[in-house]
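Engineer: would you be able to build a 3D model of this:
(one chain, ligands or ions: 1)
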Amino acid sequence: MKENDNAFYACEYAERRDEEDPLKNYQKDFYMKQGTIYLDGNSLGLLSVRAERSLLELLDSWKQFGIDGWTQGHYPWFYLSEDLGKKMAPLVGGKEKELIVTGSTTTNLHQLVSAFYEPQGQRTKILADELNFPSDIYALKSQLKLKGYEPDNHLIQVKSRDGQTLQEKDIIAAMTEDVALILLPAVLYRSGQILDMKLLTEEAHKRGIVIGFDLCHSIGSIPHELHDWGVDFAFWCTYKHLNGGPGSVGALFVHEKHFGKEPGLAGWFSSKKEKQFDMKHELEHAEDAGAFQIGTPHVLSIAPLIGALSYFEEIGIEKIREKSLQLTNYMKELLEAELSDFDFVIQSPKEDAVRGGHLYLEHPEAARICKALKAENIIPDFRAPQGIRLAPVALYNSFKDVWRSVQILKDIMVEERYKKYKNERDVVA
Ligand SMILES: *Cc1c(COP(=O)(O)O)cnc(C)c1O
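Structural biologist: Numbering: from 1, shown residues only. Sure, this is the predicted structure:
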């Protein structure tokens with residue numbers, strides 16, 4: 001218990017924290033169903049009134065302008081990818097032209113690796129890790145095959161010592177002379193560990209290796225300094241902490257020092273904007289991150305981002321990070337105090353500096369505990385075989401949400417209500 005202080009564990013404490021919360025007024029902007037506590041913003045962020053409005057505005061621009069919507073209206077479609085890249089730049093610590101909103105996580109990975117993976121002589125391998133999200137690993141293997149290499153001996157996956165986290169020194173030790181490119185997550189999707197991107201970039205560059213990061217779980221959740229750290233490239237989705245909606249268009253970063261580089265997978269949207277409609281068969285690709293676009297942007301899947309990003313612009317990522325840490329720390333302390341009898345293991349790093357925006361717990365009955373939580377309108381995120389991710393999100397979750405979720409989880413455990421359900425995952429988990 002905390003300093004024998006029962007007040008800390010009481011609902012009134014959560015309510016007081018909520019009153020003092022400088023971001024409290026944003027909660028009403030997000031569509032959280034009455035009576036539901038949504039803790040799955042690390043998988044799919046919630047719809048906000050501003051995102052809804054910008055989506056409807058772009059739908060209306062199609063109605064109003066037809067083809068002329070590309071250049072007319074409030075948000076001319078032809079420039080959206082660049083304009084939103086600029087708006088996102090502060091979230092990654094990039095310069096405006098280093099970002100472009102395009103593609104998806106996996107297609108952007110393919111695009112960037114096909115440009116940045118340049119095997120030469122003995123330097124032919126790709127270095128990744130064994131804890132990354134499967135899509136990234138599938139894509140890296142297919143990139144190796146496309147260049148004529150066998151993934152079995154050309155993809156090196158740094159091992160985790162504890163099955164949850166990675167140690168930077170193990171990654172650095174694997175940066176050998178045969179490695180051409182490194183791809184790592186910024187925040188691990190299960191444990192939520194933040195990797196030291198600055199250190200890893202420095203060490204990679206000392207050895208002449210190109211390095212890129214997948215920011216899916218860090219974007220909108222923690223600050224980055226990609227430009228200053230010298231990161232070569234990065235990419236991310238926008239439907240998790242950025243709240244862009246299911247399948248919203250992703251984004252990428254290419255460091256200024258690589259401007260002029262040829263896209264690996266070219267298309268007419270790789271063009272310099274003013275040349276695109278010359279319709280020549282010789283591509284004059286953009287010099288900046290814009291070169292890494294391929295085809296026509298999915299305008300209606302970009303549209304919600306206009307509204308969704310405005311919150312980040314208005315508040316700033318530092319304040320969002322501050323509240324996020326307060327929420328995850330509060331949740332961790334409550335879980336430790338209230339659920340110590342029930343075999344939960346918190347596998348997220350304890351120190352704030354290396355923990356992203358969610359907590360990760362393991363329990364042998366995780367699948368059915370998640371089903372019981374959902375039945376009681378607490379929305380967690382199950383990761384097979386025994387993981388539960390809980391993301392109290394700064395923009396729309398309250399301290400009271402955290403308090404109530406832990407109380408309900410405790411009741412489910414005490415009364416064994418999870419036993420009503422099968423301990424298996426659903427199709428989408
Ligand atoms: C969410 C996520 C993805 C998803 O990729 P999509 O192409 O958007 O489906 C990929 N990698 C990581 C690390 C993720 O967290």
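
Engineer: tally of neighbours for the nearest residue to Ala353 once chain neighbours are set aside?
Structural biologist: Excluding its sequence neighbours, the residue lying closest to Ala353 (Cβ to Cβ, 6 or more residues apart in numbering) is Ile194, at 7.4 Å. All C-beta spots, glycine's among them, are computed from the backbone N, C-alpha and C. Residue neighbour count, defined by other Cβ atoms under 10 Å, stands at 23 for Ile194.

Engineer: right, and Ile194 touches Ser218 too?
Structural biologist: Yes: if you go by Cβ atoms under 8 Å, Ile194 and Ser218 touch, sitting 6.9 Å apart.

Engineer: what do these two both touch?
Structural biologist: Residues touching both Ile194 and Ser218 by Cβ atoms under 8 Å, 6 or more residues apart in numbering: Ala186, Val187, Gly356.

Engineer: neighbours around the closest residue to the last one other than its chain neighbours, how many?
Structural biologist: The shortest distance from Gly356 to any residue other than its chain neighbours is 3.7 Å, reached at Val187 (Cβ to Cβ, 6+ apart). The local packing of Val187 (other Cβ under 10 Å) involves 27 other residues.

Engineer: for Val187, which residues are in contact?
Structural biologist: Contacts of Val187 by Cβ under 8 Å, 6+ apart are Gln193, Ile194, Leu195, Leu215, Cys216, His217, Ser218, Ser221, Ile222, Gly356, Gly357.

Engineer: dihedrals phi and psi, it?
Structural biologist: Per-residue torsions, Val187: phi -130, psi 130 (degrees, to the nearest 10).

Engineer: so which bits of this structure are right by the ligand?
Structural biologist: Proximity of the chain to the ligand (Cβ under 6 Å from any ligand atom) is limited to residues Ser104, Thr105, Thr106, Phe133, Ser135, Asp136, Pro185, Tyr189, Asp214, Cys216, His217, Cys237.

Engineer: what are the ranges of the helices in the protein?
Structural biologist: Per DSSP state H, the chain carries helices over the ranges 11-20, 49-65, 80-92, 105-116, 134-146, 151-154, 168-173, 197-206, 226-229, 299-315, 317-338, 366-375, 399-414.

Engineer: give me the contacts around the fourth one.
Structural biologist: Same thing as helix 105-116. 102-103, 126, 135-136, 139-140, 142-143, 146, 181, 183, 210, 212, 214, 216, 232-233, 235-237, 250-252, 254, 258, 261-265, 292, 294.

Engineer: from the chain's centre, how far out does the worst-scoring helix or strand of the chain on mean pLDDT sit?
Structural biologist: Here the helix or strand of the chain ranked lowest by mean pLDDT, DSSP states H and E is strand 381-383, holding a mean of 93. Relative to its chain's centre, strand 381-383 lies at 16 Å (Cα atoms, centre = their mean, to the nearest Å).

Engineer: which elements pack onto it?
Structural biologist: Under the contact criterion of 3 or more Cβ pairs under 8 Å, 6 or more residues apart in numbering; DSSP states H and E, strand 381-383 touches helix 366-375, strand 387-390.

Engineer: so can I have a markdown table of the contacts of Val187 showing distance to Leu395 and pLDDT?
Structural biologist: Formatted as a markdown table, those follow (distance: Cβ to Cβ, whole Å; pLDDT from 0 to 100):
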| residue | distance to Leu395 | pLDDT |
| --- | --- | --- |
| Gln193 | 23 | 98 |
| Ile194 | 20 | 98 |
| Leu195 | 24 | 98 |
| Leu215 | 18 | 98 |
| Cys216 | 18 | 98 |
| His217 | 16 | 98 |
| Ser218 | 16 | 98 |
| Ser221 | 11 | 98 |
| Ile222 | 14 | 98 |
| Gly356 | 15 | 98 |
| Gly357 | 11 | 97 |
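
Engineer: nearest to the ligand among those?
Structural biologist: Minimum distance to the ligand across the contacts of Val187 is 3.2 Å, recorded for Cys216 (Cβ to the nearest ligand atom).

Engineer: which residues does that closest one contact?
Structural biologist: Thr105, Phe133, Pro185, Val187, Tyr189, Trp236, Cys237, Lys240.

Engineer: mind running it again at 6 Å?
Structural biologist: Contact analysis of Cys216 by Cβ atoms under 6 Å, 6 or more residues apart in numbering lists Thr105, Trp236, Cys237.

Engineer: any of those buried? List them.
Structural biologist: Thr105, Trp236, Cys237 (16 or more other Cβ atoms under 10 Å).
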